[in-house]
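Colleague: Build me a model:
(4 chains)
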2 protein chains.
Amino acid sequence: MDNLDLIKDMADNCVKMQKKSFSKGSIITTYIEKRRQICILLSGKADLIRYDFNGNKDIIDRFNANDIFGEAFYPVNTNNELFVLATEDCEVLLFLYDDVHVKCKNNCKFHASLISLLLELILNKVVHQNARIEILSKRTIREKLLSYFSILSVKSFSKNITVPFSLTTLADYLSVDRSAMMREIKSLIDEGFISKNGNKIRLLY
Amino acid sequence: MDNLDLIKDMADNCVKMQKKSFSKGSIITTYIEKRRQICILLSGKADLIRYDFNGNKDIIDRFNANDIFGEAFYPVNTNNELFVLATEDCEVLLFLYDDVHVKCKNNCKFHASLISLLLELILNKVVHQNARIEILSKRTIREKLLSYFSILSVKSFSKNITVPFSLTTLADYLSVDRSAMMREIKSLIDEGFISKNGNKIRLLY
DNA sequence: CAAAAATTGTTGCAAATGCAACAGAATTTA
DNA sequence: TAAATTCTGTTGCATTTGCAACAATTTTTG
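Modeller: The predicted structure is shown next:
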């Protein structure tokens, strides 16, 4: 993503783009209107959040540097309001899809490379989503865990993997009850499928 | 997607593209190598399939006209081999992402509009995927069903919705046991949340 | 550094779910 | 149109899962 720096400097040349900073705890954007807004996270971390009807906080998605997100990617009118919360200090590039898509008459080089970059970032997003769907499609917690571990393992070319966030968050990501997941992890250890030290896991098969 | 026809006629002007026909039951493509292949389904229907280690057929995804799919969207090296099976006669546009992405020196108008179209199709895909993830993230069958119905309802601006495929397929899509789903549908009816006639559902709340 | 907050690890229990199996209806195919 | 296949609807039962609750540890914050 080395051309990201280029892009952000060149911004405003031909597309209405904003680069903004958000401090930890502040709201980066909400998904309410249908502006087809796109955001690129340049640095920091953020969560896509919803409060369900019980008032429980639901973490729908988590974003890291170079992730792309925004209203443009979300179905019209999900019941409750979604918003993106900076969980660390963030720098974000914001713009409207329609601006990128249509508005450049002068056929500038910058515009072409922006679209290419966008395509690349979105493609990346789709790949991640497919991985997530694959995992969520598994019926049991055990299968979800193994599927998740397997993807991490393939990505890192190793049987030794590190879960990149807390087990609490992992349970959220797999969309299962945390205590049930802990129980299942214990079973996997007892049955000799994995060993574990903190959030470092070794696959024994 | 009216410019699709245009695109496919103009193809080969600057990007290596193939338009191929596949008869029902034949294999459109497999996800094995890392070619970053992209396919656009012009007509027909197809399923993304995997046989798990028990030999059970898993339907990972289903594609309709104007859907975009291919290796390019899939994580490297998923354990088992995936392939796309035509479940009806299909017309498909096939090309490599890298060809589209980089290879056009002559900055032609066709190329620009192809990329725009691609972006649009992929964006669409992401929206669908987000809907799917939203549903799969729900913990109970009831919540999955209601979430799915709600999305259909919002899309059609109506409390009367039609499940666009068989209930067997729906269970697959929600990734739950069919009989358990049927049981839950019955409960929803008994408790007055919905009424049902075949695959037509009316939301009563 | 002390207090507060978050995370980990564990358990009992009730509820939800998957599995297996079957019969009848509907649809597709030869 | 007859046969084959797929889909719907249903049930009992074993297993898995979520929920609630708590203590111990670790991390973060003022």
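
Colleague: and stretch A:83-96, average pLDDT?
Modeller: In this model, stretch A:83-96 carries a mean pLDDT of 88.

Colleague: I meant stretch A:135-150, not that one.
Modeller: Stretch A:135-150 comes out at a mean pLDDT of 93.

Colleague: List the buried residues for it?
Modeller: A:135-138, A:141-142, A:144-150 (16 or more other Cβ atoms under 10 Å in any protein chain shown). The C-beta positions use only the backbone N, C-alpha and C, and glycine is treated the same way.

Colleague: same deal with stretch A:25-42?
Modeller: A:28-29, A:31, A:36-42.

Colleague: residues contacting the residue in chain A that chain B sits nearest to?
Modeller: Nearest to chain B in chain A, going by Cβ to the nearest Cβ, is A:Leu136, at a distance of 3.8 Å. By Cβ atoms under 8 Å, 6 or more residues apart in numbering or on different chains, the residues touching A:Leu136 are A:144, A:174-175, B:133, B:136-137, B:175.

Colleague: Could you do A:Ser43 as well?
Modeller: A:Ser43 neighbours (Cβ under 8 Å, 6+ apart): A:65, A:89-91.

Colleague: if you set the cut-off to 6 Å instead, what comes out?
Modeller: For A:Ser43, the contact set (Cβ atoms under 6 Å, 6 or more residues apart in numbering or on different chains) comprises A:65, A:91.

Colleague: Okay, and the beta partners of it?
Modeller: A:Glu91 (DSSP bridges).

Colleague: What does the pLDDT read for it?
Modeller: Confidence score, pLDDT, at A:Ser43: 87.

Colleague: For DNA strand C, see how far away it is.
Modeller: Distance of A:Ser43 to DNA strand C, given as Cβ to the nearest atom of the strand, to the nearest Å: 21 Å.

Colleague: what does chain A have sitting close to DNA strand C?
Modeller: For chain A, the residues in contact with DNA strand C (Cβ under 7 Å from any atom of the strand) are A:139-140, A:166-169, A:178-179, A:182-183, A:186, A:198-199.

Colleague: just checking: which of the contacts of A:Leu136 also lie near DNA strand D?
Modeller: A:Ser175.

Colleague: and the helix or strand hosting A:Arg62, which residues are buried?
Modeller: Using DSSP states H and E, A:Arg62 sits in strand A:57-63. By neighbour count on 16+ other Cβ under 10 Å, the buried set for strand A:57-63 is A:58, A:60-63.

Colleague: okay, and the helix or strand of chain A with the least pLDDT?
Modeller: Ranking every helix and strand in chain A by mean pLDDT, DSSP states H and E puts helix A:3-10 at the bottom, with a mean of 60.

Colleague: immediately after it, which helix or strand?
Modeller: strand A:17-22.

Colleague: That following strand: how far from the chain's middle?
Modeller: 19 Å (Cα atoms, centre = their mean, to the nearest Å).

Colleague: Following the chain onward from it, which element is next?
Modeller: Per DSSP H and E, the helix or strand that comes after strand A:17-22 is strand A:27-31.

Colleague: contact partners of that next one?
Modeller: Contacts of strand A:27-31 (Cβ under 6 Å, 6+ apart): A:22, A:46, A:71, A:74, A:82-86, A:92.

Colleague: Next, count neighbours for A:Ile115.
Modeller: 19 (other Cβ atoms under 10 Å in any protein chain shown).

Colleague: Can you name the next helix or strand after the helix or strand it falls within?
Modeller: Using DSSP H and E, the element containing A:Ile115 is helix A:109-136. Next in sequence after helix A:109-136, counting helices and strands by DSSP H and E, comes helix A:141-156.

Colleague: and that following helix, what does it pack onto?
Modeller: Counting contacts by 3 or more Cβ pairs under 6 Å, 6 or more residues apart in numbering or on different chains; DSSP states H and E, helix A:141-156 is packed against helix A:109-136, helix A:178-190.

Colleague: who's in contact with A:Tyr97?
Modeller: Taking Cβ under 6 Å, 6+ apart as the test, what A:Tyr97 contacts is A:36, A:38, A:72.

Colleague: Equivalent analysis for A:Val92, please.
Modeller: A:Val92 neighbours (Cβ under 6 Å, 6+ apart): A:20, A:28, A:39, A:41.

Colleague: how does it look with 10 Å?
Modeller: Residues near A:Val92 by Cβ atoms under 10 Å, 6 or more residues apart in numbering or on different chains: A:18-22, A:28-29, A:39-44, A:46, A:63, A:69-70, A:84, A:86.

Colleague: same thing with A:Arg62?
Modeller: Here A:Arg62 is in contact with A:45-49, A:69, A:87, A:165, A:169, A:172-173 (Cβ under 10 Å, 6+ apart).

Colleague: Pop out the phi and psi values for A:Gly44.
Modeller: Backbone torsions of A:Gly44, given as degrees, to the nearest 10, read phi 100, psi -170.

Colleague: now the one 5 residues further on
Modeller: Here is the backbone geometry of A:Ile49 (degrees, to the nearest 10): phi -120, psi 150.

Colleague: Just give the closest residue to it, not the sequence neighbours.
Modeller: A:Leu85 (5.2 Å; Cβ to Cβ, 6 or more residues apart in numbering or on different chains).

Colleague: A:Lys16 now?
Modeller: A:Asp99 (5.3 Å).

Colleague: Run the chain-centre distance for the helix or strand where the one you found lies.
Modeller: Using DSSP H and E, A:Asp99 sits within helix A:97-102. With Cα atoms, centre = their mean as the basis, helix A:97-102 stands 23 Å off its chain's centre.

Colleague: List the buried residues of that helix.
Modeller: A:97, A:99-101.

Colleague: Pass me the low-pLDDT residue ranges in chain A, would you?
Modeller: A:1-15, A:52-57, A:76-80, A:102-109 (pLDDT under 70).

Colleague: Near DNA strand D, which residues of it? Just list them.
Modeller: A:139-142, A:175-177, A:179-181, A:183-184.

Colleague: related to what we said a few turns ago, would you check which pair of the residues of chain A next to DNA strand C lies furthest apart?
Modeller: A:Arg139 and A:Gly198 (28.1 Å; Cβ to Cβ).

Colleague: A:Asn160 reaches A:Asn199, doesn't it?
Modeller: No. With contact defined as Cβ atoms under 10 Å, A:Asn160 does not reach A:Asn199; the gap is 11.7 Å.

Colleague: From start to finish, how long is stretch A:73-89 in a straight line?
Modeller: 23 Å (Cα to Cα, to the nearest Å).
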